[in-house]
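K.L.:
Have a look at this prediction, sequence included:
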Amino acid sequence: MTHVPPFRLPRGGRLIDRSDQLGFRFDGRHLRGLRGDTLASALMANGQMMMGRSFKYHRPRGPVASGAEEPNALLGLGQGGRFEPNQRATTTALVAGMVTRSQNCWPSLDADIGAVNGWLAPFLPAGFYYKTFIHPRPFWKHVFEPVIRRSAGLGRAPTDPDPDRYEQAYGFADVVVVGGGIAGLRAARDAAADGGTVTVLEQSPHWGGRTPVDHAGGQAAIDALLSELRAMPHVTLRRNCMATGLYDHGYLIAREALADHDPNQGIPRQRLWRIRAGRVITATGALERPLSFACNDVPGVMLASAMRDFIDLHGVTPGQRIVVATNNDDAYRTALIAADAGLDVAAIVDARPQATGDLPRAVRDRGIEVLTGSAIAKVKGRRHVEAIAVCDQNGGGAITRTVECDAVAMSGGWSPVVHLYSHCGGKLTWDEGQALFRPDPDRPPLGADGQGIAQAVGAANGDLRCAGDLERAEGATMPVWVMPARAPHKLRAKMWLDFQNDVKVTDVELAAREGYASVEHTKRYTTLGMATDQGKLSNINGLAVLSGALDQPIPATGTTTFRPPYTPLTLATIAADARGEAFQPLRKTPMHGWHEAHGASWDPVGHWRRPYAYLQGAEDREAAVAREILAVRKGVGTLDASTLGKIVVKGPDAGRFMDMMYTNMMSTLKVGRCRYGLMCSENGFLMDDGVVARLSDDTWLCHTTTGGADRIHAHMEDWLQCEWWDWKVFTANLTEQYAQIAVAGPQARTLLERLNGSIDLSADALPFMAWAEGDLAGIPARIFRISFSGELSFEIAVPASRGLELWEKLHDAGRDLGIAPYGTEAMHVMRAEKGFIMIGDETDGTIIPQDLGLDWAISKKKADYIGKRAQRRLHMVDGGRWKLVGLESVDGRVLPDGAYAATDKVNGNGQRVTEGRVTSSYHSPTLDRPIAMGLVRHGPSRMGQVLDFPMPSGGSMKARIVDPVFYDKEGSRLNG
Amino acid sequence: MAEQLARITEVHDLGMIALRGDLDAIAAALGMAAPDRTSIATEGDRMLGWMSPDEALLILPAASRAADLSRLTEALADRHALVADVSDARAVFDVIGPHADDVIAKLAPIDAGTMPAGHLRRTRLAQVAAAIWRIEGGFRVIGFRSVADYMRLVLANAAIPGSGLGPR
C-alpha cells in the first residue's frame, strides 16, 4: 500500500502535553515535538520513521522497541563537549533545542553509500573478517584494517572535553528493589513491612512499568501502591535511576540521571550510586522477543509492546494500517489499543493453530481478522513497510495471500530480564512451558553467608502475568524461532536476529556448520549480541536458532554470560569528580606556595610535587639546575626536604627491631648521633635508604625516601604485627608533622647563626652526623648535620605550620650570601658528583647493597637482618654481578641514562652480550664535564678500561671506568 | 539559587596527640574513660578517639597541646607507650548544614546518615585517608595536611547547590 507518513494521533498519549511544543533538530532539519515525547516518538510524529542505518549492511532502520533494549534508533546527541554517540532515541526525553543526528550513514541517512554492502551480503558471511583478510599478512595492518575502521563503528567518539559535572554517592539499604513496575512496587511494600530500609530504583521517569499500558485500571493500581509507599518513612523511591550491575556482597551500581535534560542548571548531570544492599529484589520485567521472518528489519516493523507504548504513551503511530504477527495472546493487546486509537488493524497473523483466549476473542469481536497457523513469509517494502506476504507457519513459505499494511507489530514471546540476577553468579533455568529462561531460585547469587543476595519477582522471574487481578486469562505461547518453520535459505538469509550488528539466522546456522558448537564461540564468530545493546533482543532467538542447527535442546546450548553494565555507563560517571584539579590528590609541603611563586618547575614524586628547579627569567630547566648547583657549592642553598619520610620507632625492643630493619647496626648508635642506613627486602634487594637519628634510649627517628614513607611504615608494621607481635615496639609516621629544610653550602653555618637560636652549631658542638634540639629564629627545631650534597649541610625540622616562616627567614637572612633555593635535580646532580646512590636510579628492585659497594653499611656482627639470608644465595655472591663504578665519557658527551655497555661477543640471538649499564648520568656544572655512574661486570677491578655503549641511532659512545666519587674525594667540604 | 548542601570550614585551633600503648593506661593518664572500639569519647574540651587496639588520638584545644604533651609523656614514661604531637600533620574541616550527610555520602563509603554521635569512622574521603565523626549540626573530618587543598576542593564540589541526594 502507499505509505502514509506516521503521525501524531488526534488524541491519547498519557505522557505528552499537547500544549507545549518543543523545537529540535535532526540532521539539520528543524522539527517539533511535544513535552513528554521521547526522541523516538517525536521523530515518528514528524514522519521520520527511519532513524539510522545498520552497522554492516547499512540497511534503513527505524525503532523496533520503546525502551532500553532498542538496537536501531541510536543517535548522536548534542554538540561540542556535550556530544554523545549511540544514544537510544527510545529512552531519551525530548528537550527543547536538542540537536540530534543519525549515525552510520554517509553522505546522508537517505542516500547512504554504504548500503552497497547489502548487495555484497553474500560475500560478507559470519566470520568474514577472519576468513577474508588473513593473507597476505601485512595487508591487514596497512590496507584492510584502515579501510574497515573508517567505515565501521557505531557513532563517533566525542572530541571535546565534557563540560558537565558528574558525581558518585554511596548508598545503603536493607533491601533494594530494582524496577518500579507493579511487581517491584508490591515487593517493596512487602519488604517495607519487615521494618528495614527499602530503596526502589526505576530506570525511567515513570513508575509502573508496563502495567498502565497493558491493563485497564493499571495506572490507578500503580498510583495506589505509590501513595502507600510514599507514606512509609523507610522507603526511598528513586526514578531515572538505572541499576547497571550487581556485584559480590550485594554491591549494586546504579546511574541516576539528574540533569541530562538540562545540563546548564549547574548541578551534576549524572550520579553513579554505589549501593550496599542487604538484599536485592530484581523486578526488572521482561523484554519482548522479535519474530524471525524475512525482512523483519524494515522500518515500521516493531515489537508489539513498543507499538502500543508509542500509541498509548505518546499518541504516535508508525502506520495507519497495522498487521500483528504473534505466537502469543499478549500481542493482541496491541491490536485492541490500535483499534481504540482509530487505526486500521488489517489482520492478526498468529503462528499458533488456534487462538481462543480472552484477548483473541476481544479482537475478533472488533471484527479484526485472525489468521491462525499463519506466518509472515516476507515483509515487502524497503524504506518502510508496504505489505506482508502470508504463508503457513508449518510450511516452506509458499505465499497464500498478501496483506497491504504500513506497520507490523511482532511478538515472539517474552524473555525475563535476568541480567542483574546473573551478574554475580545467579543461574537460570529453562522454562519449557513458557519457552523462556528464568532465574533458578535454588541457585541465586550467594553472599558471604552462603545465602542468596538476589531474588527475582514478577516478569523478571518468569511470572509474565504478575499483575494479579488486573490480568485476563491468556492462552499459551508457542515457541517460534523461525517463521515459517521450514523457511528456505533465501528467506532465512533475510531474517535478522541481531539488528544492530546485522546478524541473521543464516549466519548463526553457518557458524554451527563450521563447528561453533559453543554459544560463546558462536557469539564472537558471528558478533551476535556484541553490539551496544548486548543482545537484549537477539540473545534468546539466536541461541534457539543455534540449538536448532545443532539439533539439541535449548538448555543444552545455554546462554552467553550476562555481564554488567546492563545499559552503557558514561565514562564520566565512573571518573565522576576525579577530573581537573580533583583528578588526583596532590600532596603539598608547607612551602609549596612559595615554590610556586618563585618559578618552581615541578617534579612529581609519588603524589607530591617537588620543585625540580626554580626557573628565573628566561632560564630553561638545565640552566636553572646549573645555577642552583653552583650557588650551593659556592655559597648556600635551601632544599625543601619535607617530603622525606619521618618514622619514629620507640620501645624496649626498638633497638633489636632497628637492627633487623636495617643492614647496619642501629642499636649501638649513640643518642644525639645519626647514621646512614640501608633497608632490604626479604629477598635481599635494597628497597630504601636514609639517615637514622637516635632520639633517646628507646627512640629512633628513621628518615626514608620521599616515595618510601608510607611503604616503609607499612613494612615496619607488617613485621611488628605479623611476625614479631610480642616485641615491644611502637612506630608512628610523623612525615607530615614536620617541615624539613636542607641548608647546604660553605655558608650554611654562617647563615644559620644569623637566625639566632639556642643550638650551638659549631663543628665541635654539632659534628658531622650529629643532631641537636632547641630553637632557631624562635621556632622549635631539630637540626641534623647531615649532607647529601657533600657540602657543609644542616637539615632543620620544624613543626609543619612554621616551615614557611623558617624558609622565608632563611632567604631574608641569606640574601647577601647569594642564597638560592634548589630543586630535586640539583640535589640529584650534586649527590652523583659525590658518588652517592639514589634509590630508584642505582636500584631497581634487583640490586643488593653489595652491588653498590655499600658493604661498609652491612653489619658483619649481627646475627640477622631482613635480607641477610637472601644475600648469601649463590646468585647474590656471584663474582660476576654488575657492580657500581663511575663512568667518564671519553668524548665529552653526556652518556644517555640507561645505556647498555656491550662486549664484542654475540649471543644465540645474534645480539651483542652486555656487560653493564648507565644508572645515573649528568652534566656536572661543578666540574663542567659529564659524569655518570653505572653497574658493570667486574667493574671495580677494571678501573681505567673503556666500555663501548652502542647507541640506538647507530654508532656508539665510549666511557672509561673510574671511581664513582667525582668531587671532593677527601670529603673536606663537609666541614665548610 | 539554592544554597550549598553544607558549609565547609577549615578548623585551625586544634591540637592532636597520637598515643600508642595500653588504651586504659592512656585514658587514665588523661583522667577520662577509654573510648570503645570505633568510638570517640568526650571529656570537657578533650576528645579521645579509638584508632586501633593500641592507638588513640587525643584532640584538644591548641592551647592545651604543649601541657598535655608533657603531662602524657611523663605519665606514660614508665610503661611501653609512644606519645607524638601530630597537630601539624593534619587538616581539619567541619561540614555543617542540613544536608551534611549528603556531602559525606558522596565522598566516603560509609552510611553517613545513620552514623551515630560518638562514632569515629576511619575511612577515605574520595581518594585520601580521613577520619570522620559527628559534631553539632554535621561532621568533622580530619585528613593529612599535605592534601588539605584536595579535601577542601572535593568537599566543596560535593556540596554544590541543588545536588542533594534526596530522590527527585
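P.N.:
The structure has been received and is ready for your questions.
K.L.:
Break chain B down into its structural domains.
P.N.:
As given by automatic domain parsing, the domain ranges for chain B are B:7-11+B:89-158, B:14-87.
K.L.:
what's the neighbour count on A:Ala377?
P.N.:
A:Ala377 has 27 neighbouring residues, counting by other C-beta atoms under 10 Å in any protein chain shown. For every residue, glycine as well, the C-beta is placed using N, CA and C.
K.L.:
thinking again about what came up before, just the domains of chain B: most buried one?
P.N.:
domain B:7-11+B:89-158 (a mean of 20; mean count of other C-beta atoms under 10 Å in any protein chain shown).
K.L.:
ok, for A:Val417, nearest residue in space, not its chain neighbours?
P.N.:
A:Thr284 (3.9 Å; C-beta to C-beta, 6 or more residues apart in numbering or on different chains).
K.L.:
Now for the one you found, how many residues are close by?
P.N.:
29.
K.L.:
got a list of what it touches?
P.N.:
With contact set as C-beta atoms under 8 Å, 6 or more residues apart in numbering or on different chains, A:Thr284 has these partners: A:Val178, A:Gly179, A:Ala243, A:Pro416, A:Val417, A:Val418, A:His419, A:Leu420, A:Ala456, A:Ala460.
K.L.:
can you name the two of those that are farthest apart?
P.N.:
Within these, two members stand farthest from each other by C-beta to C-beta: A:Ala243 and A:Pro416, at 15.3 Å.
K.L.:
And stretch A:859-873, what's buried?
P.N.:
A:Ser859, A:Lys862, A:Tyr865, A:Ile866, A:Gly867, A:Lys868, A:Ala870, A:Gln871 (16 or more other C-beta atoms under 10 Å in any protein chain shown).
K.L.:
Residue 10: what's it in contact with?
P.N.:
You didn't say which chain, so I picked chain A. A:Pro10 makes contact with A:Gly342, according to C-beta under 8 Å, 6+ apart.
K.L.:
look at chain B instead
P.N.:
Contacts for B:Glu10 (C-beta under 8 Å, 6+ apart) come out as B:Ala91, B:Val92, B:Phe93, B:Ala148, B:Arg152.
K.L.:
Of those residues, which are in range of chain A?
P.N.:
B:Ala148 (C-beta under 8 Å from any C-beta of the partner chain).
K.L.:
Can you tell me which of the contacts of B:Glu10 is closest to chain A?
P.N.:
Closest to chain A out of the contacts of B:Glu10 is B:Ala148 (7.8 Å), distances taken as C-beta to the nearest C-beta.
K.L.:
bridging residues for A:Met410?
P.N.:
With DSSP bridges as the criterion, A:Met410 is bridged to A:Leu303, A:Ala325.
K.L.:
Could you pull up the residues touching it?
P.N.:
Contacts of A:Met410 (C-beta under 8 Å, 6+ apart): A:290-291, A:293, A:296, A:301-304, A:324-326, A:331, A:376.
K.L.:
Near chain B, list only the ones from the buried residues of stretch A:859-873.
P.N.:
Of the buried residues of stretch A:859-873, not one also sits near chain B (C-beta under 8 Å from any C-beta).
K.L.:
and the residues you listed as CSV, adding secondary structure?
P.N.:
Output for the buried residues of stretch A:859-873, formatted as CSV (DSSP: H, G, I helix; E, B strand; the rest coil):
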residue, secondary structure
A:Ser859, coil
A:Lys862, coil
A:Tyr865, coil
A:Ile866, coil
A:Gly867, coil
A:Lys868, coil
A:Ala870, helix
A:Gln871, helix
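K.L.:
Pick the one among those closest to chain B.
P.N.:
Using C-beta to the nearest C-beta, the buried residues of stretch A:859-873 come closest to chain B at A:Ile866, 22.0 Å.
K.L.:
Would you mind measuring from the closest one to A:His715?
P.N.:
For A:Ile866, the distance to A:His715 equals 9 Å [C-beta to C-beta, to the nearest Å].
K.L.:
how about the residues of the stretch 251-400 of chain A near chain B?
P.N.:
Residues of the stretch 251-400 of chain A lying near chain B (C-beta under 8 Å from any C-beta): A:Leu258, A:Gln265, A:Gly266, A:Ile267, A:Pro268, A:Arg274, A:Arg276.
K.L.:
and if you look at the stretch 51-200 of chain A?
P.N.:
A:Arg165, A:Glu167, A:Gln168, A:Ala169, A:Tyr170, A:Gly171, A:Phe172.
K.L.:
Buried only: go through the contacts of A:Met410 for me.
P.N.:
A:290-291, A:293, A:296, A:301-304, A:324-326, A:331, A:376.
K.L.:
re earlier: now distance to B:Gly166 too, for the buried residues of stretch A:859-873, in TSV please.
P.N.:
Shown next, in TSV, are those (distance: C-beta to C-beta, whole Å):
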residue	distance to B:Gly166
A:Ser859	64
A:Lys862	63
A:Tyr865	58
A:Ile866	54
A:Gly867	56
A:Lys868	61
A:Ala870	58
A:Gln871	62
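K.L.:
Could you provide the residues you listed in CSV, with additional columns for pLDDT?
P.N.:
As requested, those are arranged in CSV below (pLDDT from 0 to 100):
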residue, pLDDT
A:Ser859, 94
A:Lys862, 94
A:Tyr865, 98
A:Ile866, 98
A:Gly867, 97
A:Lys868, 97
A:Ala870, 97
A:Gln871, 97
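K.L.:
Just name the closest of those residues to A:Ser54, please.
P.N.:
A:Ala870 (62.2 Å).
K.L.:
wait, the closest one sits on A:Met876?
P.N.:
Yes. When contacts are counted by C-beta atoms under 8 Å, A:Ala870 is listed as touching A:Met876 (6.6 Å).
K.L.:
Give me the common contacts of these two.
P.N.:
By C-beta under 8 Å, 6+ apart, A:Ala870 and A:Met876 have these common neighbours: A:Gly684.
K.L.:
So which of the contacts of B:Glu10 belong to strands?
P.N.:
Counting by DSSP state E, these place B:Ala91, B:Val92, B:Phe93 in strands.
K.L.:
For the closest residue to chain B within the stretch 101-250 of chain A, what are phi and psi?
P.N.:
Relative to chain B, the nearest point of the stretch 101-250 of chain A is A:Phe172 (4.1 Å; C-beta to the nearest C-beta). Here is the backbone geometry of A:Phe172 (degrees, to the nearest 10): phi -140, psi 140.
K.L.:
A:Arg513 too?
P.N.:
Backbone phi and psi, for A:Arg513 under degrees, to the nearest 10, turn out to be phi -60, psi -30.
K.L.:
what residues are up against the closest residue to it other than its chain neighbours?
P.N.:
Nearest residue to A:Arg513 in three dimensions, chain neighbours excluded: A:Ala549, at 7.2 Å (C-beta to C-beta, 6+ apart). If you count contacts by C-beta under 8 Å, 6+ apart, A:Ala549 has them with A:Val508, A:Glu509, A:Ala512, A:Arg513.
K.L.:
can you rerun that using 10 Å?
P.N.:
Taking C-beta atoms under 10 Å, 6 or more residues apart in numbering or on different chains, we find A:Ala549 in contact with A:Val505, A:Thr506, A:Val508, A:Glu509, A:Leu510, A:Ala511, A:Ala512, A:Arg513, A:Tyr516, A:Ala517, A:Thr522, A:Thr557.
K.L.:
For A:Met495, see how far away the first one is.
P.N.:
As judged by C-beta to C-beta, A:Val505 and A:Met495 stand 4 Å apart.
K.L.:
Does A:Leu34 touch A:Gly23 like I think?
P.N.:
No. With contact defined as C-beta atoms under 10 Å, A:Leu34 does not reach A:Gly23; the gap is 11.0 Å.
K.L.:
quick one: common contacting residues for those two?
P.N.:
Common neighbours of A:Leu34 and A:Gly23 (C-beta under 10 Å, 6+ apart) are A:Leu94.
K.L.:
Report the secondary structure state of residue 69.
P.N.:
Reading this off chain A. Per three-state DSSP, A:Glu69 ends up coil.
K.L.:
Let me rephrase: I mean chain B.
P.N.:
The three-state assignment at B:Leu69 reads helix, by three-state DSSP.
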